[in-house]
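1. Build me a structure from this.
(one chain, ligands or ions: 1)
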Amino acid sequence: MREKRRKDADGLTPIATTKDWKMLYFQHGRPGLEESSPYKGLCKYCEIRDICSIVKPKTGIWRCEYYQAKVRRKTSLYENVIKLLDKAEEVVHFDENICDILAGTMNELVVHFPVRMDDGRVKMLTGYRVQHNNALGPFKGGLRFHPMVDIDEVRALATLMTWKTALVNIPFGGAKGGIQFDPADFSPEEIERITRRFTYALGNNIGPEYDIPAPDVNTNPQIMAWILDTYMSTMTPTERNRCIHVVTGKPLEAGGSQGRNKATGQGIVFLIEKWAQDQGFNLKSATYIVQGFGNVGSWAAQLMKQHGSKLVAVEDITGAIRKKEGIDPDDLTDYVKNHGGVRGYPKAESINHETFFSTRADIFIPAALENQITADTAEILNVRLVAEGANGPTEPEGDKVLQQRKIDVIPDILCNAGGVIVSYFEWLQNKRSEFWEIEEIDNKLKKIIISAYDRVRMAAEKYKVDMRTAAQIVAVSRLEMVYKERGIFP
Ligand code: NAD
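-> Below you'll find the predicted structure:
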């Protein structure tokens, strides 16, 4: 029954479609083509010759661009997310009608909008906002700027946001959005115009008491400030100052909160501390590897340093590096700011994707994109704990391997919830015209995220399931309770 109601994610990631081709984005160095594809090959920079063109975008980093091929994407993230709902339902036998509601999204908005480029041309772009559920409060979720953004991904990420806010007990629903483009190919002025025009296209589909965006991949406080300014400019003068909480993750001066920038990384590290405490494991002598060195990955790494743990390998979109004696996260953060990625970092050796995944360490923090821990990469991982900073980093097949290999997992909807928790604090401060000190933010964040961890641990013991299924059970139980109390209108 529910199967029919699910939206068909065709599994493709189109950048542009012509009669014979789907133009797909390929992240360099990543398996993306089916074995049988005639377009398999290697390029001289990323080892994918013949199928990609090489460009030097405005950031000055050489990388692969797009290739044309008729291939299917390996996994649909949305299907993975719904599979987990099904798994939790099998264990707890939730109300079937409520599960049917949660298996679909409430609203899906696709906007196509024109933006003038620096050279005078006009480019059409496509943006998305999916609102999954608002039973617990206003829709809440990040905005992603990435060429792989599509309706399947945004649906999945919006759904994960509903689970996350329900799990950590904050009064928000779940949403997500994004624009399908690569900001590395555009000037800052063009990105500002794209952001503003997208905000205008969203119109009243976002709002401070209705749907509140925040930063995600390739978006940051500056972009949130442009969204706020554009949104405010469309309001009447009397309403203008009442809508500062239409976005979170703003710069401090524009109404942001202390601690929001580091919040997701901070939440991850609070949970790793708790896991280590439960295991009687000393973080001082621990080693860790990080995939993705943007907001989440770099903050998690810098905060792990405070425990004396050693960062031994890092991978991002530009390449991977390793150093047994340890990489200084602060120094690497500065390097990445100046060079756009970890590639070429002079104080560590350059390694390939497989070597990164097989590097011996105690903890792995995936903080890049989804579907990175596949059955293959899970097989070569050489760690005790995976602390999921990214959303959906583990494919179901990869998850099975992690369980078989008895590698602990702190699942994404718990592990990266620090961001939305501090976004909630920012939203509250804006509404009350208050400014909280960093100590207050950190204490409140720790309390909320650790008590969610405890609830997940208890559910795992009660139902004899893994932490991921337990987190799903806790989240859906809360939503089920609310639907049962409120009933279904009319
Ligand atoms: P970001 O844009 O700041 O950083 C993304 C990082 O991932 C970059 O270092 C990039 O080089 C790397 N990356 C991209 N593709 C890669 C690939 N194929 N292989 C290796 N590295 C790759 O984004 P972010 O805000 O740090 O978000 C990272 C993840 O964390 C995403 O899954 C996001 O949804 C999730 N997340 C972010 C927040 C937040 O507050 N920003 C909150 C919760 C979850």
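2. Check which helix or strand the closest residue to Val149 other than its chain neighbours maps to.
-> What sits nearest to Val149 in space, not counting adjacent residues and going by C-beta to C-beta, 6 or more residues apart in numbering, is Gly178, at 3.8 Å. Every C-beta, even on glycine, is put in place using the N, C-alpha and C of the backbone. Secondary structure assignment for Gly178, by DSSP states H and E: strand 174-179.
3. same question, Val290
-> Counting by DSSP H and E, Val290 is part of strand 287-291.
4. need the contact list for whichever residue of the chain sits closest to the ligand.
-> The minimum distance from the chain to the ligand, using C-beta to the nearest ligand atom, falls at Gly294 (1.8 Å). With contact set as C-beta atoms under 8 Å, 6 or more residues apart in numbering, Gly294 has these partners: 217-218, 316, 367-368.
5. burial of Ile151, as a residue count?
-> 18 (other C-beta atoms under 10 Å).
6. and if you look at the one 4 residues further on?
-> Around Arg155 there are 26 other residues, counting by other C-beta under 10 Å.
7. Just confirm it is within a strand.
-> No. Under DSSP: H, G, I helix; E, B strand; the rest coil, Arg155 sits outside any strand and is assigned helix.
8. Okay, helices next: where are they in the stretch 51-200 of the chain?
-> 77-92, 96-102, 151-167, 188-202 (DSSP state H, counting those that start in this stretch).
9. Just name the most buried of these.
-> Mean neighbour count (mean count of other C-beta atoms under 10 Å) peaks for helix 151-167 among those, with a mean of 27.
10. Mind listing the residues bridging to the spatially closest residue to Asp408 that is not a sequence neighbour?
-> Leaving out its chain neighbours, the residue that sits closest to Asp408 by C-beta to C-beta, 6+ apart is Leu385, at 4.6 Å. Applying DSSP bridges to Leu385 yields these beta-bridge partners: Ile363, Asp408.
11. Would you quantify the distance from Leu385 to Gln372?
-> Distance of Leu385 to Gln372, given as C-beta to C-beta, to the nearest Å: 16 Å.
12. go on, Ile438?
-> For Ile438 relative to Gln372 (C-beta to C-beta), the value is 31 Å.
13. Please apply the same query to Arg129.
-> 25 Å.
14. Phe364 too?
-> For Phe364 relative to Gln372 (C-beta to C-beta), the value is 10 Å.
15. so what sits against both of the two?
-> Gln291.
16. The two: which has the busier surroundings?
-> More neighbours surround Phe364 than the other of Phe364 and Gln372, with 29 against 23 (other C-beta under 10 Å).
17. before we move on, the earlier item: run a quick neighbour tally on the residue nearest to Asp408.
-> Leu385: 21 neighbours (other C-beta under 10 Å).
18. How about the contacts made by it?
-> Residues near Leu385 by C-beta under 8 Å, 6+ apart: 272, 275, 362-364, 407-410.
19. Quickly check: the lengthiest strand in the chain near the ligand or not.
-> Looking across the chain with DSSP state E, the single longest strand is strand 122-133. No. Shown here: strand 122-133 not in contact with the ligand (C-beta under 6 Å from any ligand atom), separated by at least 13.9 Å.
20. And that strand, what's buried?
-> By 16 or more other C-beta atoms under 10 Å, the buried positions in strand 122-133 come out as 125-133.
21. who in the stretch 301-450 of the chain is up against the ligand?
-> 315-317, 341, 367-369, 389-391, 416, 419.
22. Just these: which are in strands?
-> Using DSSP E, those in strands are 315-316.
23. Below-threshold pLDDT in the stretch 251-400 of the chain: ranges please.
-> By pLDDT under 70, the stretch 251-400 of the chain contains no weakly predicted segment.
24. For it, which segments count as helices?
-> Under DSSP H, counting those that start in this stretch, the stretch 251-400 of the chain gives helices at 263-279, 295-305, 329-339, 353-358, 375-380, 396-404.
25. okay if I get the ones you listed as JSON lines plus mean neighbour count?
-> Converted to JSON lines, the helices of the stretch 251-400 of the chain look like this (neighbours: other C-beta atoms under 10 Å):
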{"stretch": "helix 263-279", "mean neighbour count": "22"}
{"stretch": "helix 295-305", "mean neighbour count": "25"}
{"stretch": "helix 329-339", "mean neighbour count": "16"}
{"stretch": "helix 353-358", "mean neighbour count": "18"}
{"stretch": "helix 375-380", "mean neighbour count": "17"}
{"stretch": "helix 396-404", "mean neighbour count": "17"}
